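Visitor: just need the structure, nothing else, for what follows:
(2 chains)
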Protein chains: 2
Amino acid sequence: MNVKPVITPATTVDFVNGRTRVYAIIGHPIEQVRSPEAITYELRRRGLNAILLPFDVSPQAFDELFSQLLAVENLDGLIITVPHKVRARELCTRVGPLAEISGSASVIARTADSKWVGELFDGMGCIAAIRNRGVTFDRKRVLLLGVGGAGAGIAVEIARQAPAEIHIHDPDGEKAARVMARLSPRFPAQRFSVGMPSLDGVDILINASPVGMLDPTRTPIEASHFPPHLVVMDVITDPAPTRLLRTAEESGCIAVYGREMFDSQIAGACDFLLNTRKIAAADVRFDHALPPVSRCG
Amino acid sequence: MNVKPVITPATTVDFVNGRTRVYAIIGHPIEQVRSPEAITYELRRRGLNAILLPFDVSPQAFDELFSQLLAVENLDGLIITVPHKVRARELCTRVGPLAEISGSASVIARTADSKWVGELFDGMGCIAAIRNRGVTFDRKRVLLLGVGGAGAGIAVEIARQAPAEIHIHDPDGEKAARVMARLSPRFPAQRFSVGMPSLDGVDILINASPVGMLDPTRTPIEASHFPPHLVVMDVITDPAPTRLLRTAEESGCIAVYGREMFDSQIAGACDFLLNTRKIAAADVRFDHALPPVSRCG
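Guide: Presented below is the predicted three-dimensional model:
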């Protein structure tokens, strides 16, 4: 008599089970994001049973879903991408100083008392990627194109590097002025300017606008050639290289890819997510946001 | 001059990316569920880039989250487990006949017009697991213990097998009577009874109660020994075997494990999830719910 169960062959996967901790990246569209594979890798490298999944959510649906996701008790954090970063910052119970100044949040952690606390990590990753190439900001003149969510965060981090000048251009001139107005009181010794972009005297060019995304023919600044001392960073990850970076490479410039920025911010984002989980919202300290680099001048 | 990007080593995983379709199992607690590894395996075996994750959601938070999850546009379906099956059925735009009769839904699919449509697959899996052991229901007397969410669905599927008699016991006697009252009009030729359980004349014993879950000392029916012709099925997957199944095996009975039931319903659940995604809620046909097996009597 058949008294033993029919044991089915191994018809399971080994990367998810009932004890898996859940993270999500929320954006619209979502197909282009790299956080699922990269942050899942980093969480697993640290020994966690965790997965970060893509969530495609429209702006109309964002607010309600954002608060409702706290009801998923094993969902510990969110990465926020286009177009939700500004709204995410507004909806958080608390945000760190980089989110506060920039007006955007990119990483949202659940606290021990089930609140959302956010911070912006884009700027750190951008500066780290440029510095990883051996480039310093000391006495440099920086041209920043675009101050949407990512760009505003990058502007804060550039200011913390204390370069000789930061020139901000955005097609929305008022937005550029608003970011400068928010930054100036925090960095009183820093020279800022806004207005039409020019490469004259510029040492570091950073594109934080979406121009060139998914389109290898578009470029945020018209130039068939750059001076070879120029360092060119593009936050766009697809295509790689963008037309901007291709021109930079053809000109003999250092060309810093969006992927390098992205990789540079993963560890910081994971630290924030995992540390915040253990403490109440009121007690979260933003230790990653170091005081501004001291200026020579 | 360094003109090529620093390509980082392979620091990604290969099972999730921005194009991954998302599924979730909602329960409370959640750690014990097996759907994440098993259904993810089945979806991937079919060539889909998809993952099913565990979502731990309390009854207080279930209603709002359930409707809000439709806002995640790449989330295509849900598996519902204890204690949410009854509420899930109530909240669906449409349900299939097995969910309708049993009052519970276990698999919820997003339709092409973004509605939730649900059906109950527990019963099918239970009957398939028993039949896979070469057991038929013809002229058999069946004792069913427990008619909560899973048990009610199993009752429907037993009735479709047209055994000689179905005796239903539930600690909540009114619940047992309610299930019988719902079933009788659908299966007018079927003999049903409710009341205290006895093994006299029983051929197939099915435990669909939670007694014995996570506790190897408890059993839903007191017996140190069973007659060897008895077929014993326990829906509980942990421990394996339960005390009930251990007694059955020691008595020389066929002992059908919860894991066999679980495995048997995966393909049907995946078919339902994937087919429903392509059609509007109003057009969903419940082809899996075949007409009742014709009775001899």
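Visitor: how about residue A:193, secondary structure?
Guide: strand (DSSP: H, G, I helix; E, B strand; the rest coil).
Visitor: which residue is the nearest non-sequential neighbour of it?
Guide: The shortest distance from residue A:193 to any non-neighbouring residue, by Cβ to Cβ, 6 or more residues apart in numbering or on different chains, is to residue A:167 (4.8 Å). Where C-beta positions appear, they are placed from N, C-alpha and C, glycine not excepted.
Visitor: so that neighbour touches residue A:200, yeah?
Guide: No - counting by Cβ atoms under 8 Å, residue A:167 does not reach residue A:200; the two are 10.1 Å apart.
Visitor: quick one, which of those two is more surrounded?
Guide: residue A:167 (22 against 8; other Cβ atoms under 10 Å in any protein chain shown).
Visitor: give me the pLDDT value at the residue nearest to residue A:193.
Guide: Residue A:167 is assigned a predicted lDDT (pLDDT) of 97.
Visitor: check which element follows the helix or strand hosting it along the chain.
Guide: Assigned by DSSP states H and E, residue A:167 falls within strand A:165-169. The helix or strand immediately downstream of strand A:165-169 is helix A:173-183, counting by DSSP H and E.
Visitor: break chain A into its domains for me.
Guide: Chain A breaks down by automatic domain parsing into domains covering A:21-120+A:262-283, A:123-260.
Visitor: element containing the residue of the stretch 101-250 of chain A found nearest chain B?
Guide: Closest to chain B within the stretch 101-250 of chain A is residue A:249: 5.0 Å, counting by Cβ to the nearest Cβ. Per DSSP H and E: residue A:249 is located in helix A:243-250.
Visitor: any idea how far whichever helix or strand comes after that helix is from the chain center?
Guide: Per DSSP H and E, the first helix or strand lying C-terminal to helix A:243-250 is strand A:254-256. Computed by Cα atoms, centre = their mean, to the nearest Å, the separation of strand A:254-256 from the middle of its chain amounts to 18 Å.
Visitor: tell me what strand A:254-256 is packed against?
Guide: strand A:231-234, helix A:243-250 (3 or more Cβ pairs under 8 Å, 6 or more residues apart in numbering or on different chains; DSSP states H and E).
Visitor: okay, those in a markdown table with mean pLDDT, distance to residue B:130 and mean neighbour count next?
Guide: Formatted as a markdown table, the helices and strands packed on strand A:254-256 follow (pLDDT from 0 to 100; distance: least, Cβ to Cβ, whole Å; neighbours: other Cβ atoms under 10 Å in any protein chain shown):
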| stretch | mean pLDDT | distance to residue B:130 | mean neighbour count |
| --- | --- | --- | --- |
| strand A:231-234 | 98 | 62 | 27 |
| helix A:243-250 | 97 | 63 | 20 |
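Visitor: in a markdown table: these, plus distance to residue B:238.
Guide: Shown next, in a markdown table, are the helices and strands packed on strand A:254-256 (distance: least, Cβ to Cβ, whole Å):
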| stretch | distance to residue B:238 |
| --- | --- |
| strand A:231-234 | 52 |
| helix A:243-250 | 54 |
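Visitor: nearest to residue A:55 among the ones you listed would be which one?
Guide: strand A:231-234 (26.1 Å; Cβ to Cβ).
Visitor: the closest one: partners in the sheet, and parallel or antiparallel?
Guide: strand A:204-207 (parallel), strand A:254-256 (parallel) (DSSP bridges).
Visitor: identify all contacting residues around that strand.
Guide: The contact list for strand A:231-234 (Cβ atoms under 8 Å, 6 or more residues apart in numbering or on different chains) reads A:126, A:129-130, A:133, A:135, A:203-207, A:212, A:226, A:241-242, A:244-245, A:247-248, A:253-258, A:261.
Visitor: with stretch A:25-35 instead?
Guide: Applying Cβ under 8 Å, 6+ apart, the contact partners of stretch A:25-35 are A:36, A:39, A:52-59, A:62, A:65-66, A:78-84, A:88, A:214, A:237-238, A:259, A:262, B:12, B:17-19, B:73-74.
Visitor: okay, residue A:296: pLDDT?
Guide: 35.
Visitor: same deal with residue A:122?
Guide: In the predicted model, residue A:122 carries a pLDDT score of 88.
Visitor: sorry, back to before: so what's the residue nearest to residue A:193 up against?
Guide: When contacts are counted by Cβ under 8 Å, 6+ apart, residue A:167 touches A:141-144, A:192-195, A:197, A:202.
Visitor: looking at strand pairing, list the partners for it.
Guide: residue A:143, residue A:193.
Visitor: since we're on the nearest residue to residue A:242 once chain neighbours are set aside, how many residues are nearby?
Guide: Nearest non-adjacent residue to residue A:242, counting by Cβ to Cβ, 6+ apart: residue A:212, 4.2 Å away. The local packing of residue A:212 (other Cβ under 10 Å) involves 24 other residues.
Visitor: strands of the stretch 51-200 of chain A, start to end?
Guide: Using DSSP state E, counting those that start in this stretch, the strands assigned to the stretch 51-200 of chain A run over residues A:75-80, A:94-95, A:107-110, A:116-119, A:141-145, A:165-169, A:192-194.
Visitor: confirm the residue nearest to residue A:242 sits in a helix?
Guide: No - looking at residue A:212 with three-state DSSP, it is coil, so not inside a helix.
Visitor: and the lowest-mean-pLDDT helix or strand in chain A, what other elements does it pack with?
Guide: Taking mean pLDDT, DSSP states H and E as the measure, chain A has helix A:97-102 as its least confident helix or strand, at a mean of 88. Judged by 3+ Cβ pairs under 8 Å, 6+ apart, helix A:97-102 is in contact with strand A:116-119, helix A:122-132, helix A:149-161, helix A:173-183.
Visitor: ok, residues contacting that helix?
Guide: A:89, A:92, A:105-106, A:118-121, A:123-124, A:149, A:152-153, A:155-157, A:179, A:182-183, A:186, A:286, A:289.
Visitor: buried among these? Make that a PyMOL selection.
Guide: Of these, the buried ones can be selected in PyMOL as follows, counting by 16 or more other Cβ atoms under 10 Å in any protein chain shown:
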select buried, chain A and resi 89+92+105+106+118+119+120+121+123+124+149+152+153+155+156+157+179+182+183+286+289
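Visitor: quick one, the longest helix seen in chain A and helix A:149-161 angle?
Guide: Taking DSSP state H as the criterion, chain A has its longest helix at helix A:258-276. Computed by axes from the mean of the first three to the mean of the last three Cα atoms, to 10 degrees, the angle separating helix A:258-276 from helix A:149-161 equals 80 degrees.
Visitor: from residue A:86, how far off is the residue of the stretch 101-250 of chain A closest to chain B?
Guide: Relative to residue A:86, residue A:249 is positioned 33 Å away (Cβ to Cβ, to the nearest Å).
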